[in-house]
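K.L.:
Structure here, sequence nowhere to be found:
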Ligand code: NAI
């Protein structure tokens with residue numbers, strides 16, 4: 001089993017991944033081109049480990065051992081002895097190509113190379129490599145030290161043995177693994193789109209305000225945050241870009257169409273919590289939601305039906321197994337239940353009826369029920 005991890009890019013994700021690896025006993029090196037970023041990452045990790053120490057989650061000996069295992073380095077050559085390299089640099093294909101070409105000249109022939117990319121295809125990154133068989137996607141969620149899920153994405157050229165080794169390693173980091181196909185958004189960023197998109201659509205139609213839509217999803221669905229709170233938390237710049245990227249990558253399938261409302265917020269610099277205002281203005285108290293039970297239920301039913309439809313589609317298109325699709329949404333974005341299991345609870349026929357009536361009303365492809373959902377209703381056999 002590999003023991004030495006090299007992380008390239010010491011931003012939000014890279015610093016988190018390096019800290020996690022060191023905490024889990026791996027000899028870890030963290031590199032960034034920017035000296036400023038290297039020192040920021042070092043300080044951030046130090047602060048985070050101090051807080052674990054103060055809370056009693058690690059003892060003094062462990063704290064020292066973790067620091068001993070983690071070094072921030074100022075040259076890519078330090079990847080020489082690595083068994084696994086995880087790249088978490090800027091989301092730009094040509095910059096990633098350049099980094100992997102340099103890495104391939106440094107690392108041993110058995111070293112596994114991985115990217116933490118969210119939106120580029122694994123195949124497109126691997127095209128820069130002489131040995132693309134040792135390359136795959138290892139996609140963590142933010143914050144990497146906390147979120148349990150890691151999506152592992154082989155490209156069409158990745159060797160099976162490399163997938164197995166990567167899986168073993170990520171499990172040794174204490175994470176839950178979902179294996180998925182090299183398709184836009186992988187599992188989580190694809191299946192989750194309607195949580196945002198349909199909430200925005202409901203708002204744009206004037207059916208309810210942000211706070212009421214959020215309340216419907218938290219009070220009826222048990223989601224930890226409503227869609228608008230969550231978009232403000234993620235950042236409307238980041239969330240809008242993911243939606244736009246997935247929409248384009250799916251050849252403009254209307255199911256993934258971005259919203260003008262969110263685009264305008266992005267254009268105006270209203271990113272959410274980090275700028276003090278997004279859908280909500282964080283300098284004033286939130287208004288009360290409507291408590292109209294029929295309205296709340298209507299909102300919840302509409303959003304959950306679209307989410308469930310997307311989960312069936314991910315299974316139909318072999319993106320991942322039904323079990324992994326359910327696991328991914330619970331462990332990657334904290335959904336209270338897996339969507340396929342939720343479909344069983346609500347009744348797949350009820351979900352199908354909901355989609356049929358939306359499609360009939362709007363006449364839009366966005367609401368077309370998935371073939372696998374129809375099969376599920378016809379056969380009576382659950383997927384999970
Ligand atoms: P970030 O902007 O916080 O950090 C990127 C770091 O890469 C910066 O410190 C920058 O100095 C460094 N960098 C740029 N070019 C470099 C090079 N040639 N060599 C070494 N370092 C270089 O970005 P973030 O958010 O950490 O994202 C990194 C990757 O992780 C991206 O591919 C992103 O799609 C992916 N990702 C991001 C998530 C998020 O929630 N932020 C979640 C999952 C994946």
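P.N.:
Structure received. Not measured: the values here are computed from a predicted model.
K.L.:
For the rest of this, base every contact and every neighbour count on C-alpha atoms.
P.N.:
Will do.
K.L.:
can you tell me the helix or strand for the residue of the stretch 251-384 of the chain found nearest the ligand?
P.N.:
Relative to the ligand, the nearest point of the stretch 251-384 of the chain is residue 332 (10.2 Å; Cα to the nearest ligand atom). Residue 332 is located in helix 322-333, with elements delineated by DSSP states H and E.
K.L.:
Spatially nearest residue to residue 186 (excluding sequence neighbours)?
P.N.:
residue 180 (6.4 Å; Cα to Cα, 6 or more residues apart in numbering).
K.L.:
The one you found touches residue 189, doesn't it?
P.N.:
No - contact between residue 180 and residue 189 fails when scored by Cα atoms under 8 Å: they sit 12.0 Å apart.
K.L.:
ok, back up a step: how about the residue nearest to residue 186, what does it touch?
P.N.:
Each residue near residue 180 by Cα atoms under 8 Å, 6 or more residues apart in numbering is listed here: 151, 152, 153, 154, 186, 187, 319, 320.
K.L.:
tell me the domain ranges of this structure?
P.N.:
4-179, 189-379 (automatic domain parsing).
K.L.:
hmm, back to that, any residues touching the helix holding residue 332, and which ones?
P.N.:
So helix 322-333 is contacted by 141, 147-151, 176, 178-179, 187-188, 192, 311, 314-315, 335-341, 383-384 (Cα under 8 Å, 6+ apart).
K.L.:
Enumerate the residues of the chain near the ligand.
P.N.:
8-14, 32-34, 37, 88-91, 95, 99, 116-118, 139-142 (Cα under 6 Å from any ligand atom).
K.L.:
what about residue 184, which SS state?
P.N.:
The three-state assignment at residue 184 reads coil, by DSSP: H, G, I helix; E, B strand; the rest coil.
K.L.:
How many neighbouring residues does it have?
P.N.:
A total of 21 residues lie near residue 184 under the criterion other Cα atoms under 10 Å.
K.L.:
who touches it in this structure?
P.N.:
119, 120, 121, 190, 246, 249, 250 are the contacts of residue 184 under Cα under 8 Å, 6+ apart.
K.L.:
before we move on, what about residue 265?
P.N.:
Residue 265 sits in contact with 236, 271, 278, 279, where contact means Cα under 8 Å, 6+ apart.
K.L.:
got any ranges where the stretch 51-200 of the chain has weak pLDDT?
P.N.:
Counting by pLDDT under 70, the stretch 51-200 of the chain shows no low-confidence range.
K.L.:
Quick one: the helices in the stretch 101-250 of the chain, in order.
P.N.:
122-126, 160-172, 188-191, 193-204, 210-219, 227-234, 236-249 (DSSP state H, counting those that start in this stretch).
K.L.:
How far off centre is the second one?
P.N.:
Mean-position distance between helix 160-172 and its chain equals 19 Å (Cα atoms, centre = their mean, to the nearest Å).
K.L.:
Check the fourth one too.
P.N.:
The gap between where helix 193-204 is centred and where its chain is centred comes out at 18 Å by Cα atoms, centre = their mean.
K.L.:
What are the buried residues along it?
P.N.:
The neighbour-count check on helix 193-204 (16 or more other Cα atoms under 10 Å) flags 193, 194, 195, 196, 197, 198, 199, 200, 201, 202, 203 as buried.
K.L.:
contact partners of that helix?
P.N.:
208-210, 213, 227-228, 231, 243, 255-259, 261-262, 299, 302-304, 306-307, 310.
K.L.:
Give the ChimeraX command for selecting the buried subset of the residues you listed.
P.N.:
Command for ChimeraX that selects the buried part of the contacts of helix 193-204, burial taken from 16+ other Cα under 10 Å:
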select :208,209,210,213,227,228,231,243,255,256,257,258,259,262,299,302,303,304,306,307,310
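K.L.:
Show me what the mean pLDDT comes to for the biggest helix by length in the chain.
P.N.:
Assignment by DSSP state H gives helix 293-316 as the longest helix of the chain. For helix 293-316, mean pLDDT rounds to 98.
K.L.:
who does it touch, helix- and strand-wise?
P.N.:
When contacts are defined as 3 or more Cα pairs under 8 Å, 6 or more residues apart in numbering; DSSP states H and E, helix 293-316 packs onto helix 188-191, helix 193-204, helix 210-219, helix 322-333, helix 339-346, helix 348-362, helix 371-379.
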